[in-house]
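[1] Sharing a model prediction with you, sequence too.
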Amino acid sequence: MQILPNSSTGHVSVEMIGKGDEIASLAVYNASGMQVYRHDMKEERMDVDLSSKPSGTYILNIVIGKEKTSWKIVKK
């Protein structure tokens with residue numbers, strides 16, 4: 001799994017090679033814990049657009065089946 005770049009001006013690429021047919025659920029939360037983005041990822045690669053969100057630290061949660069991963073994203 002790759003999340004690039006970090007830090008970013010708002011566009012983040014999420015790549016999950018070999019995830020198979022499983023759908024990944026992506027959710028981004030701001031520092032207050034509010035969900036600001038949600039999308040179901042069906043392909044191995046997608047772009048997350050946070051350009052309309054204020055600068056700061058965000059948490060990207062990715063859930064595939066019962067597995068959950070979290071990444072910190074810094075938006076300049």
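    Looks like it came in fine. None of these values were measured; they are calculated from a predicted model.

[2] For the chain, give me the ranges with low pLDDT.
    Across the chain, the ranges flagged by pLDDT under 70 are 1-2, 4-7, 18-19.

[3] So which residues of it form strands?
    Taking DSSP state E, the strands of the chain run over residues 2-4, 11-15, 24-29, 35-41, 45-49, 56-64, 67-75.

[4] Turn those into CSV, including mean neighbour count.
    Where you see a C-beta, it was placed from the backbone N, CA and C, and this is true even at glycine. CSV is the format used below for those (neighbours: other Cβ atoms under 10 Å):
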stretch, mean neighbour count
strand 2-4, 13
strand 11-15, 17
strand 24-29, 18
strand 35-41, 14
strand 45-49, 13
strand 56-64, 16
strand 67-75, 14
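
[5] Run through the bridge partners of residue 35.
    residue 29 (DSSP bridges).

[6] Taking the centroid of the protein, which residue is nearest it?
    Closest residue to the average C-alpha location of the chain: residue 60 at 4.2 Å, with Cα atoms, centre = their mean.

[7] Apart from its neighbours in sequence, what residue is nearest that one?
    residue 71 (4.5 Å; Cβ to Cβ, 6 or more residues apart in numbering).

[8] check contacts around the one you found.
    3, 6, 59-60, 62 (Cβ atoms under 8 Å, 6 or more residues apart in numbering).

[9] Show residues contacting stretch 40-54.
    Counting by Cβ under 8 Å, 6+ apart, 8-19, 23-26, 28, 30, 36-37, 39, 58, 60, 62, 73, 75 sit against stretch 40-54.

[10] hang on, isn't residue 56 packed against residue 30?
    Yes. Contact criterion Cβ atoms under 8 Å: residue 56 and residue 30 qualify, at 6.6 Å.

[11] Run through the residues that contact the closest residue to residue 38 other than its chain neighbours.
    For residue 38, ignoring the flanking residues on the chain, the nearest one in space by Cβ to Cβ, 6+ apart is residue 27 at 4.9 Å. Residues counted as contacts of residue 27 (Cβ under 8 Å, 6+ apart) are 35, 37-38, 60-61, 63.
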